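> One predicted model, sequence on top.
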Amino acid sequence: MFTHLELYGGDPIFRLNEQYQADARQPKVNLTIGLYCDGNGRVPLLPSVLSAEQLCAQRKQPRTYLPMEGLATYNDAVQRLVFGEDCPALAEGRVASIQTLGGTGALKIGGDFLHLAYPDAEMWISDPAWDNHHAIFQGARVPTHSYRYYDAATRGLDFEGLVADLSALPRHSIVLLHPCCHNPTGVDLTPAQWDQVIDLLQRQQLIPFLDMAYQGFGQGLAEDAYAVRAMARAGLTFLVANSFSKNFSYYSERCGGLHIVCQNAAEAERVLGQLRAAVRRVYSNPPVHGAQAISEVLHSDGLFAQWQAEVGQMRQRIATMRQAVYDQLQTKAPHYDASHFIRQQGMFCYTGLSSEQVTRLREEFAVYLLASGRISVPGLNTENVSYFTDALAEVVR
Ligand code: LMR
């Protein structure tokens with residue numbers, strides 16, 4: 001019955017990660033998937049989260065169904081983390097929020113919702129993109145296109161191209177934007193550039209969909225949410241997907257949120273109802289374990305302070321590795337401009353390496369990165385960074 005189906009080639013990011021795991025060579029370096037590893041190369045279990053899990057376990061609460069929108073205490077706390085304590089839209093009850101299955105689940109439910117609200121609307125996604133963005137929205141029957149974002153010549157932002165492309169979009173087009181730590185490039189807008197883009201989105205009556213998967217990994221928890229908070233202040237109607245996979249190091253718990261900022265509380269109620277209906281159609285209601293632990297951390301002053309410090313350490317370690325790569329390349333490859341390693345921010349660096357150079361790194365040095373040249377910086381540590389820069393210097397020679 002299913003012989004006509006094509007064989008799934010696998011996801012390029014997960015496939016490369018598996019290829020790395022199967023590689024018997026030593027030394028080898030994994031810079032493929034966006035997983036934060038600590039200085040010992042391990043994905044951490046955050047102490048704040050472990051304490052919260054213990055507190056939750058002691059309560060021995062029965063595992064009944066959660067409502068379709070998820071755990072209420074979680075949604076409250078997540079709203080404040082994403083939008084800030086003093087956000088007028090929250091005070092006015094204009095934000096419809098649901099707990100989702102990670103950031104990806106938020107994008108999928110957001111896509112289903114947008115297709116229902118605006119069946120003819122199409123979506124514009126940065127070029128280059130996290131590949132799954134196109135797949136998720138096409139799967140929700142929202143056609144996708146690209147807008148200019150990355151300037152290969154400067155390994156920075158093509159702000160003029162971005163503004164020109166967004167200015168030409170028809171009313172009610174959906175625009176996917178990354179508030180911080182752009183995946184895959186690590187190239188972000190400055191607050192002043194965000195202000196210009198927000199003006200433009202408002203003028204053109206576009207529908208912004210912000211995907212914030214790395215809050216706290218760029219400049220700080222509040223700083224990284226600049227675009228979200230500025231958009232709420234400016235009175236736009238927009239969507240936000242947020243994820244706790246990275247900043248809580250809680251990947252397999254699938255904890256995220258979808259938030260839709262509306263014009264008034266009555267509209268937010270209608271929107272929330274449609275989000276609940278969308279969830280019921282797809283997975284009925286979300287799991288409780290991870291949400292309870294995150295809610296515990298966000299509601300406890302002590303655990304919250306501890307978690308903020310843990311996020312700060314992760315952020316700092318990423319910045320330190322970026323700086324180490326830059327410093328070492330100054331002597332190992334003086335002709336090569338490595339400034340993008342410190343100009344870009346967050347988990348990913350878009351190295352600008354060609355696919356031939358990427359292949360050489362993998363085949364000759366067992367250094368794994370995506371074919372696009374993206375590296376996941378936290379795969380580097382004080383043990384392997386020098387090996388990495390030696391290899392890099394060799395292929396850019
Ligand atoms: C990545 O881009 O490596 C991460 O966001 C993991 C994923 O799901 O692709």
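Cool, the structure landed.

> List the backbone torsions phi and psi for the residue of the stretch 201-350 of the chain found nearest the ligand.
When scored by Cβ to the nearest ligand atom, the stretch 201-350 of the chain has residue 213 as its residue closest to the ligand, at 6.3 Å. Using the backbone N, CA and C atoms, a C-beta is placed for each residue, glycine as well. When read as degrees, to the nearest 10, the backbone of residue 213 gives phi -100, psi -10.

> That one - nearest residue in space that isn't next to it in sequence?
Leaving out its chain neighbours, the residue that sits closest to residue 213 by Cβ to Cβ, 6 or more residues apart in numbering is residue 243, at 4.3 Å.

> hang on, isn't that neighbour packed against residue 103?
Yes: between residue 243 and residue 103 a contact is recorded at 3.1 Å, counting by Cβ atoms under 8 Å.

> For the two, list the residues in contact with both.
Counting by Cβ atoms under 8 Å, 6 or more residues apart in numbering, the residues touching both residue 243 and residue 103 are 212, 213, 256.

> Same list as before, those residues that is, but in TSV and with neighbour count and pLDDT included.
Formatted as TSV, those follow (neighbours: other Cβ atoms under 10 Å; pLDDT from 0 to 100):
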residue	neighbour count	pLDDT
212	26	98
213	27	98
256	29	98
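
> Just name the closest of those residues to residue 49, please.
Comparing the shared contacts of residue 243 and residue 103 against residue 49 with Cβ to Cβ places residue 256 closest, at 15.3 Å.

> part of a strand, is that closest one?
Yes: assigned with DSSP: H, G, I helix; E, B strand; the rest coil, residue 256 falls within a strand.

> List the contacts of it.
Contacts of residue 256 by Cβ under 8 Å, 6+ apart are 99-106, 241-245.

> Would you mind measuring from it to residue 21?
26 Å (Cβ to Cβ, to the nearest Å).

> For the residue nearest to residue 213, list the residues it contacts.
By Cβ under 8 Å, 6+ apart, the contact set of residue 243 is 102, 103, 104, 106, 212, 213, 255, 256.

> for residue 33, same thing?
Residue 33 makes contacts with 13, 14, 16, 17, 376, as judged by Cβ under 8 Å, 6+ apart.

> Within reach of the ligand, which of those residues are there?
Checking these against the ligand by Cβ under 6 Å from any ligand atom, the ones in range are residue 13.

> Can you select the buried ones from the contacts of residue 33 in ChimeraX?
The ChimeraX command for the buried members of these (criterion: 16 or more other Cβ atoms under 10 Å) is given here:
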select :13,16,17,376
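
> with the contacts of residue 33 in mind, which one is nearest to the ligand?
residue 13 (4.4 Å).

> Look up phi and psi at the closest one.
Taking degrees, to the nearest 10, you get phi -70, psi -50 for the backbone angles of residue 13.
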